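**Student:** Model the following, please.
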Amino acid sequence: MMVWQRHARVVVALIGIGTVAAVYLTLGERRHASRRLDGEQLPPQVTVDSTNAELERVAGIDPKYRVRAERLTTYDDGSTRGQGVTIEAPNRDGRHFVVTARQSYAAKGNTDIELTQSIDLREDDGFGLKTDKATFNQGTGIARADGEVAFGKGRMTGSGVGVTYDEHADVLHVTDRARVDLTAQGGLPAVTFRGQSATLDRVSHLLTIAGNVVVTHGAQQIDASMATAHLTESDDRILFVELRDGARIAGGLGSVASMNAREMDLDYAEDGQSIRHAVLRAQSQITMSASGGAMGRRLEGERLEIALRPDQSLEQVTGSGGVTMSIPAADGSPSRTVRGATLDGKAGDDGSLTSARFVENVSFEEDAAEGAKRTARSGVLDLAMTGSAVSGATFAERVTFSDGDLQATAREAQYEPAAGMLRLRRNDERGAPRVWDTRVDVEAESLDIELDARGITAKGRVRSTLTAARESGAGKKGAAADTHLPGLLQQNQPATITADALKYNGDRGAAEYSGHAWLRQGETDIQAEWLNLDQKEGDLTARGAVLSSIEMDGGVSKGDADELQYDDAKRTVTYRSRQARSAVVDPKALAHVVGKQGDLRARTIQILLAKAESKLEMLRAEDDVVSRIDARTVRGGILTYRSSSEEYVVEKGSSAQVVLDEVQNGKCSEATGRELTFARSTDTMSIDGKRRSLTQWQQKASCQ
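**Tutor:** Numbering: from 1, shown residues only. So this is what the prediction gives:
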């Protein structure tokens, strides 16, 4: 195509010179002829009949034209016909060429001039053109060849049907079946251009091909309704190609399988054959290659651009005006769709995309199990890709993430698809990173979420809310929910828990808090260094400097211990002390409960609740028991309290004996034995099965 443009001037010169020569012949200037000497009489319509005619004309400093004809006949109507015509321009714009034709014809007045049969042009640089008929109208300056035209030079060959040339505008037009073949150096595949028509503007160095345009180069094919090629000033290389009214490129672009757009601009490399940059506008689409014949990633947008390396592998792709990337399912990975206002993608050494940044109004959608979707929205998204898979997605600026009933928000989020992990970081105007579903709502400085197992690891100023959930869809996707709060809490109210850190297992409904854990619900309040709640079993365990306030019997029972454990199946609340056993007991280090039953200390204190409500049924304390009941203090090994009868039974257990002190009127009385029974409702007491009165007790100076 490029050589054709460079030499189109010669084609025009051929037609122009032929017509000028015919005019000269009809004018009869400087004609030299060998007259026929056979005496044959000329037909009446013939005025001059010459053989071996030769004409030469010099106009100012213009080059010379030499015209020879085997026979030249002029008729009485002013027309002239020639046979065996040869036209030679030895110095035409620095070029030397020769045109031959079997016949020539100049109409009356020299307006229309024809060369016919076996027209052949040869230029000294090797360019040649052949056709069977050419005409020129001197009034309009239009030259025309209606038949088939073939031309070529060196590695270039071309053909078409019908050529017109506007001498004034210096524009050449092939009217039908235009084709140019350009063979590359080194035996590489030729570039072939085909179209219904072609127009060459020799002043602007533009070649326009219109109508079912097809350009092939090895495995690459370009299709368009119209193509305009910008050539170098020497017309030997392509600089730029504009494709219009629907364009498609397939093959020969490495990892890019095909490109489609209403309009496409191609910027060529220095070799004039390989594309280095492409701009796609309106209904743009780029499809990437995939292994095994599978469909590759597809990019769609108002405007897409790609940059290619010298080996035609992809280097970069950008998009604007709204871009969509469709990633098909492959190698066990689900299909994904990503949208954003703009795109900036980079390719690895093999030409496959390894990263893509989407900016503004970003949406991310991933197919999940059972027809569900994982979706995200943000201001910015950075995708990392390995092979056909998405290895990572980093979201920024007002991130929202959804996976079934799970929702999450943060300023930044990192999604790791292979691990099913979502990491939330940094506060925004909505607050700290947050995740929630029907059972749990968590805010923290950082959140790591195992999406399939619904696991949550939260760190830094953790604030959470737990609720009972019995509707379908809670917890792991596809599993029916059956979770509740620990039974010592109200099931119809959420519980708020704060801590330094949280590990939440959604499969088991287990929440483990550490560092300044603090649970609150109404009047119930539990503080500890470590706190664990089991939403499936309804259990609760707290350890480390435990302080508790639990709604019970219409009031509040307070406690402190090294450990608190609630067993929902048994309906027991157990306080334990981790104090090492020694001869000297520190009462402050014992488990401590204050409530309806009195003020109680022991190594272990267990409260049995009623089945349907937070109401104390029985209390049992063991080891180093110290109980203050009204004005009495009792010490022993085991204490049992029954709420229905308000009866206390204290046994010596591991202690030496049971000791009861009572203060009345400023005096201290003491009684001892192996077992003490006290009925609070009747204010009666027995020791070792015998009723005892204060007068039978030993008097002491002080009850310490």
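
**Student:** The residue lying closest to D441 once chain neighbours are set aside - how many residues pack around it?
**Tutor:** Nearest residue to D441, sequence neighbours excluded (CB to CB, 6 or more residues apart in numbering): T465, at 4.2 Å. For the C-beta atoms, the positions are set from N, CA and C on the backbone; glycine is no exception. T465: 15 surrounding residues under other CB atoms under 10 Å.

**Student:** wait, T465 sits on V440?
**Tutor:** Yes: contact criterion CB atoms under 8 Å: T465 and V440 qualify, at 7.1 Å.

**Student:** returning to what we had before: quick check: the residue nearest to D441 vs M685, distance?
**Tutor:** 48 Å (CB to CB, to the nearest Å).

**Student:** How about Q45?
**Tutor:** Relative to M685, and taking CB to CB, Q45 is found at 161 Å.

**Student:** got a list of what V462 touches?
**Tutor:** V462 sits next to V442, E443, A444, I497, T498, A499, D500, A501, L502, Y513 when contact means CB atoms under 8 Å, 6 or more residues apart in numbering.

**Student:** got the contact list for whatever helix or strand V399 lives in?
**Tutor:** If you go by DSSP states H and E, V399 is part of strand 389-403. Contacts of strand 389-403 with the rest of the structure, by CB under 8 Å, 6+ apart, involve 327, 330-331, 333, 336, 362, 364, 368, 372-385, 407-418, 422, 424, 428, 430, 451, 477.

**Student:** what lines up beside that strand in the sheet?
**Tutor:** strand 373-386 (antiparallel), strand 406-416 (antiparallel) (DSSP bridges).

**Student:** Adding mean neighbour count, mean pLDDT and distance to S627, write those out as JSON lines.
**Tutor:** Below are these laid out as JSON lines (neighbours: other CB atoms under 10 Å; pLDDT from 0 to 100; distance: least, CB to CB, whole Å):
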{"stretch": "strand 373-386", "mean neighbour count": "19", "mean pLDDT": "96", "distance to S627": "57"}
{"stretch": "strand 406-416", "mean neighbour count": "21", "mean pLDDT": "97", "distance to S627": "48"}
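
**Student:** P587: which of these is closest?
**Tutor:** strand 406-416 (48.1 Å; CB to CB).

**Student:** Identify all contacting residues around that closest one.
**Tutor:** Identification of contacts with strand 406-416 by CB under 8 Å, 6+ apart yields 364, 376, 378, 391-402, 421-428, 430, 433-437, 447, 449, 451, 454.

**Student:** Try it again at 6 Å.
**Tutor:** With contact meaning CB atoms under 6 Å, 6 or more residues apart in numbering, strand 406-416 is reached by 392-396, 399-401, 422-426, 428, 430, 433-437.

**Student:** hmm, which of those residues are the buried ones?
**Tutor:** Neighbour-count burial within these applies to 392-396, 399-401, 422-425, 433-437; the criterion is 16 or more other CB atoms under 10 Å.

**Student:** any idea of the mean pLDDT in stretch 72-89?
**Tutor:** For stretch 72-89, the mean pLDDT works out to 85.

**Student:** next one: stretch 446-454 to chain centre, how far?
**Tutor:** Distance of stretch 446-454 from its chain centroid, counting by CA atoms, centre = their mean, to the nearest Å, is 21 Å.

**Student:** Straight-line length of it, end to end?
**Tutor:** 16 Å (CA to CA, to the nearest Å).

**Student:** Could I get the buried residue list for it?
**Tutor:** Neighbour counts over stretch 446-454 (16+ other CB under 10 Å) mark S446, L447, D448, I449, E450, L451, R454 as buried.

**Student:** bridging residues for the nearest residue to the first one once chain neighbours are set aside?
**Tutor:** For S446, ignoring the flanking residues on the chain, the nearest one in space by CB to CB, 6+ apart is K459 at 4.9 Å. Judged by DSSP bridges, the bridge partners of K459 are S446, A501.
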